[in-house]
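Student: pasting the sequence and the predicted model now:
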Amino acid sequence: MRNRWRGKRGASLSKGRSRRPKAGLSRSVEAGQEKDRERPGYDEGYRDGLYDGGERWLEAALPGDRIVPDITVAEAIAAGVPHVLARSVRLLGAEEICAELEEALTAGRAYSLVRLGDGELLTLSQDTLRPAEEIARLSPFLSYAGVDAPDGAARDALAAALREATTVGVPLSRRPNYQPLLFEALRRNGVRPEALRMTSSTINYALHESGLLMRLLSGRRVTLVGNSAEALARALRAEGIDVVHTVVPVNGFADHDSAVERAAAVPFDLALVSAGIAAVPICVRLAARTGKAAIDFGHMADRLGGVSPPAVG
């Protein structure tokens with residue numbers, strides 16, 4: 001059973017680090033890159049980007065009377081990282097999260113595990129780091145994730161939930177809409193990063209791929225929340241999991257209050273919530289209301305349920 005549930009890694013994740021693309025996708029990306037290279041000015045722009053994105057910073061960091069033969073930016077970064085690790089934050093691993101969840105489930109104590117990705121961070125960034133209208137224009141995928149920017153109420157509700165969450169998954173990726181937004185977006189919304197207990201935003205995948213997810217679900221009453229809940233319920237029941245309730249649909253962030261009410265109507269031990277950005281307040285409020293555990297499950301519901309999420313252009 002464990003091997004059956006150890007699925008292949010997905011092409012990409014909305015809440016964390018991008019994963020290796022499938023072979024067909026990789027070939028299409030490479031073909032697109034080849035076309036880009038044929039465009040006038042590509043080589044010059046690429047060289048300028050390499051310089052501005054790395055070499056210029058190394059140049060500025062070196063003393064004016066020194067040069068370092070044969071050094072690359074990658075070497076300089078690798079050499080410097082040990083000196084900044086004192087400022088690092090250790091993220092809780094899958095085994096630790098599983099142990100905490102098991103302890104909470106046994107003790108009947110509320111536990112909310114939520115995750116932050118580009119959608120959540122852009123929502124928090126509205127009129128705090130960037131104009132909300134700019135975010136709406138440049139990030140149309142937010143609507144698919146449940147927020148129609150500009151939406152200050154969603155931003156504030158999301159921040160309030162983060163202040164109450166037990167553990168928060170954060171992205172490892174340093175792409176522009178991930179870690180570069182993370183800490184300042186939290187602070188601008190009154191969330192102290194140093195007060196958060198952090199894990200990786202792909203903890204949902206890690207729990208599944210390590211076999212710990214099924215250990216958490218076995219012998220417990222499980223509620224599923226989100227638009228893929230019925231498909232996920234069929235898959236879990238086929239594995240002998242006691243799915244006692246499904247909450248469908250969840251119509252965007254504005255529907256999170258209703259989703260909590262519907263989910264709390266049937267007694268459960270553990271809830272898996274796959275509802276886009278709304279999953280954060282749903283998990284936090286549902287756990288607090290029932291004294292049970294709730295996990296922001298994300299696209300794992302689609303994967304295990306065999307559902308293809310809509311393409312977002």
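Tutor: Alright, I've got the coordinates.

Student: list phi and psi for Ala157.
Tutor: phi -70, psi -40 (degrees, to the nearest 10).

Student: that one against Ala278, yeah?
Tutor: No. Applying CB atoms under 8 Å as the test, Ala157 and Ala278 come out as separate, 9.2 Å apart. C-betas here are computed from N, CA, C, even on glycine.

Student: neighbour-wise, which of those two wins?
Tutor: Using other CB atoms under 10 Å as the criterion, Ala157 and Ala278 rank with Ala278 on top: 30 against 22.

Student: can I assume the more buried one sits in a helix?
Tutor: Yes. Assessed by DSSP: H, G, I helix; E, B strand; the rest coil, Ala278 belongs to a helix.

Student: how near is it to Ser210?
Tutor: 27 Å (CB to CB, to the nearest Å).

Student: the strands in the stretch 101-250 of the chain, which residues?
Tutor: For the stretch 101-250 of the chain, the strands defined by DSSP state E, counting those that start in this stretch cover 111-115, 167-170, 198-200, 221-226, 242-247.

Student: who are the packing partners of the fourth one?
Tutor: Right, strand 221-226. Judged by 3 or more CB pairs under 8 Å, 6 or more residues apart in numbering; DSSP states H and E, strand 221-226 is in contact with helix 229-238, strand 242-247, helix 256-264, strand 270-274, helix 279-290.

Student: then the second one?
Tutor: In terms of contacts (3+ CB pairs under 8 Å, 6+ apart), strand 167-170 is packed against strand 111-115, strand 198-200.

Student: mind checking how far the residue sitting furthest away from the middle of the chain is from Arg289?
Tutor: In the chain, Asp65 marks the outermost C-alpha relative to the chain mean, sitting 44.8 Å out by CA atoms, centre = their mean. When distance is defined by CB to CB, Asp65 is 65 Å away from Arg289.

Student: may I have the secondary structure class of the residue farthest from the centre of the chain?
Tutor: Quick answer, by three-state DSSP: Asp65 is coil.

Student: need the strands of the stretch 101-250 of the chain in TSV with distance to Phe297, mean pLDDT and mean neighbour count, can you?
Tutor: Shown next, in TSV, are the strands of the stretch 101-250 of the chain (distance: least, CB to CB, whole Å; pLDDT from 0 to 100; neighbours: other CB atoms under 10 Å):
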stretch	distance to Phe297	mean pLDDT	mean neighbour count
strand 111-115	9	98	27
strand 167-170	11	98	25
strand 198-200	14	97	20
strand 221-226	8	98	25
strand 242-247	12	98	19
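
Student: okay if I get those strands as CSV plus distance to Gly305?
Tutor: Output for these, formatted as CSV (distance: least, CB to CB, whole Å):
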stretch, distance to Gly305
strand 111-115, 18
strand 167-170, 21
strand 198-200, 23
strand 221-226, 9
strand 242-247, 11
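
Student: between these, which gets nearest to Gly152?
Tutor: strand 111-115 (20.1 Å; CB to CB).

Student: so what strands line up beside that closest one?
Tutor: strand 167-170 (parallel), strand 293-296 (parallel) (DSSP bridges).

Student: got CSV for those strands, with distance to Gly146 too?
Tutor: Formatted as CSV, the strands paired with strand 111-115 follow (distance: least, CB to CB, whole Å):
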stretch, distance to Gly146
strand 167-170, 17
strand 293-296, 13
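
Student: show the pLDDT at the closest residue to Ala157 other than its chain neighbours.
Tutor: In this structure, Ala157 finds its nearest non-sequential neighbour in Pro281, 5.5 Å apart by CB to CB, 6 or more residues apart in numbering. Predicted confidence (pLDDT) for Pro281: 98.

Student: so how far is Ala229 from Pro281?
Tutor: Distance from Pro281 to Ala229, by CB to CB: 17 Å.

Student: cool, and Arg155?
Tutor: Distance from Arg155 to Ala229, by CB to CB: 26 Å.

Student: quickly list what's touching both of Ala157 and Ala278.
Tutor: Common neighbours of Ala157 and Ala278 (criterion: CB atoms under 8 Å, 6 or more residues apart in numbering): 253, 256.

Student: pull the number of nearby residues for the residue nearest to Ala157.
Tutor: 27.

Student: would you agree it is in contact with Ala159?
Tutor: No. Using CB under 8 Å, Pro281 is not in contact with Ala159, being 10.0 Å away.

Student: tell me how far Glu102 lies from Ser218.
Tutor: 11 Å.

Student: do Ala159 as well
Tutor: Distance from Ala159 to Ser218, by CB to CB: 35 Å.

Student: so which of the two has more stuff around it?
Tutor: Applying other CB under 10 Å to Ala159 and Ser218 shows that Ala159 carries more neighbours, namely 21 against 13.

Student: quick revisit: which residues sit in contact with the residue nearest to Ala157?
Tutor: 157-158, 160-161, 253, 256, 260.
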